[in-house]
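K.L.:
When you get a sec, could you give me coordinates for this:
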Amino acid sequence: MGKKILDSKILYVALSILLSLAAWLFVTSGDENRDTRQFTNLPINFSGVEMLEDRDLMIVNPSVTATIRVRANPRILAILQDTPPKLNASVSHISTEGKYPVNYTVELPSGVSLNDVEIAYGAGGSAVTVEVARSLSRKVEIRGEFQGTAAEGYLAGDKDDFRFDPVELTVSGRADLVNQVSHARVIVTGEELTESVDEALPFPLIGASGDPLDLDVSCDVDTIYTSFPIRATAEVPLVIRVIEGGGLKESDVKIHPSADSILVAGSREAVDALLNEGGIPLATIDLAALDDEAVENGGEQTYPIPLDDRLENVSGITEVKVTFRVTKRVETRIFEVSSRISASNEPEGWDANIITQVLPVRVRGPKALLDELTEENIQVVADLKGITPTAGQYYTVPAEVYLHNVGTATDVGVVNPKGYTVVVSLTREE
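P.N.:
Numbering: from 1, shown residues only. Here you go, the predicted structure:
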């Protein structure tokens, strides 16, 4: 009997506790037990921004925030603590620049309705001030500036040698700010450089005064890929080649070019290759091809300076005037050769018939040696190599002129020895 009474008391106590807890939960969930929580600096999410952009407008203060106070029961406030309310506003109705009050709405997280909360706003109510300005995107020039040094024997490029990718910069933002930008500046630095610069570099925006600007604008790239040349240099001789002949040696002629060398710049490989060749071939003077006027009074000729595309002519001299004077006393005489004209390289099975009976040959040399020269010392050989033989046809072929037994090859020589031809015909061998 006593045990039953004890068991009943325990049951009653447990039931009382459960009922009290349920009653507490009911009471605390009621309106009379709501709390208030403040949510500060909530960002405003703007819609209709695309429509502003279509009108060439933009929000100057897109980071607008607002503060609200929410009254709700603890359970709702706990949800809002984890997922704060969102504030949304539309700017699609704005068509001109200026400052506008824009109403915002409160978006509650899933599972919470407006019936669950009471929202209180600040002094401005459910509105914020939006500033709208004219927007602009404009392409501006990119300029380079070299603030480093090149090593000895190397040459840095100038401002026109900069190459950029992209070639222009697009600046976007408020029109009044974008219009302050004159250009973008890329600065290349480094000391004792021996290699060209190829890298992505940052840049400041520069105003009309030439000073950097600190503007709230955006650019389409963060860095600009920049190429700037650092080139090797060398003083390279201009080479004038002399071909001896016509009774003249190289020592018999005084040659005076207006420039002996030029300074070139380029890659190390290209400069070294040119130096290994001994210089830049400027001209070839064939002494045997000089006419009597040039031999008597000297001559003058202007030659352009040829240069590999990989190299730059730093000196800026594009042509050289070359004057020459013959110091040796020589004469020119004409010898009519008739009996000593022959042919070589006759086609197999054919005989050559020399049609040219007399060939005037101009010979130059000292008077004493020319006095000793006769027709017997001169031989003319017509070269038939490469002829396609046809009976009865005449051929004009080049002829070589040889001198024998008078001085040396440079004491007496044929004038313009490659300018002689002989007419021949061919007949089949019997």
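K.L.:
use CA for all of it now, contacts and neighbours both
P.N.:
Will do.
K.L.:
residue ranges with poor pLDDT in the protein?
P.N.:
Along the chain, the model assigns pLDDT under 70 to residues 1-32, 405-410.
K.L.:
With adjacent residues omitted, what lies nearest to the residue nearest the centre of it?
P.N.:
The residue lying closest to the centre of the chain (C-alpha atoms, centre = their mean) is residue 163, at 4.5 Å. Leaving aside its chain neighbours, residue 163 sits nearest to residue 227 (5.1 Å; criterion: C-alpha to C-alpha, 6 or more residues apart in numbering).
K.L.:
Now do the phi/psi pair for that neighbour.
P.N.:
Main-chain torsions, residue 227, degrees, to the nearest 10: phi -120, psi 130.
K.L.:
ok, now residue 202?
P.N.:
Main-chain dihedrals, residue 202, degrees, to the nearest 10: phi -70, psi 170.
K.L.:
show me what contacts it?
P.N.:
186, 222-224 (C-alpha atoms under 8 Å, 6 or more residues apart in numbering).
K.L.:
In PyMOL, how would I select the buried members of those residues?
P.N.:
The PyMOL command for the buried members of those (criterion: 16 or more other C-alpha atoms under 10 Å) is given here:
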select buried, resi 186+224
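K.L.:
coming back round to it: was I right about the residue nearest to residue 163 contacting residue 199?
P.N.:
Yes. The pair residue 227 / residue 199 is scored as a contact, 6.8 Å apart, by C-alpha atoms under 8 Å.
K.L.:
circling back: and the residue nearest to the centre of the chain, how far is that from residue 218?
P.N.:
In this view, residue 163 and residue 218 are 22 Å apart by C-alpha to C-alpha, to the nearest Å.
K.L.:
show me what contacts the spatially closest residue to residue 114 that is not a sequence neighbour?
P.N.:
Closest residue to residue 114 in three dimensions, ignoring its sequence neighbours and counting by C-alpha to C-alpha, 6+ apart: residue 108, at 7.6 Å. By C-alpha under 8 Å, 6+ apart, the contact set of residue 108 is 80, 84-86, 114.
K.L.:
number of nearby residues for residue 182?
P.N.:
Neighbour count for residue 182, taken as other C-alpha atoms under 10 Å: 19.
K.L.:
just the helices in the chain please.
P.N.:
2-28, 49-54, 74-82, 175-178, 268-276, 292-297, 367-372 (DSSP state H).
K.L.:
Sort out which residues of stretch 37-45 are buried, please.
P.N.:
42-45.
K.L.:
neighbouring contacts of it?
P.N.:
63-71, 77, 84-89, 104.
K.L.:
Kindly recompute the last result at 7 Å.
P.N.:
Stretch 37-45 is touched from outside by 63-71, 87-89, with contacts defined as C-alpha atoms under 7 Å, 6 or more residues apart in numbering.
K.L.:
Can you tell me which of the residues you listed is nearest residue 307?
P.N.:
residue 63 (61.2 Å; C-alpha to C-alpha).
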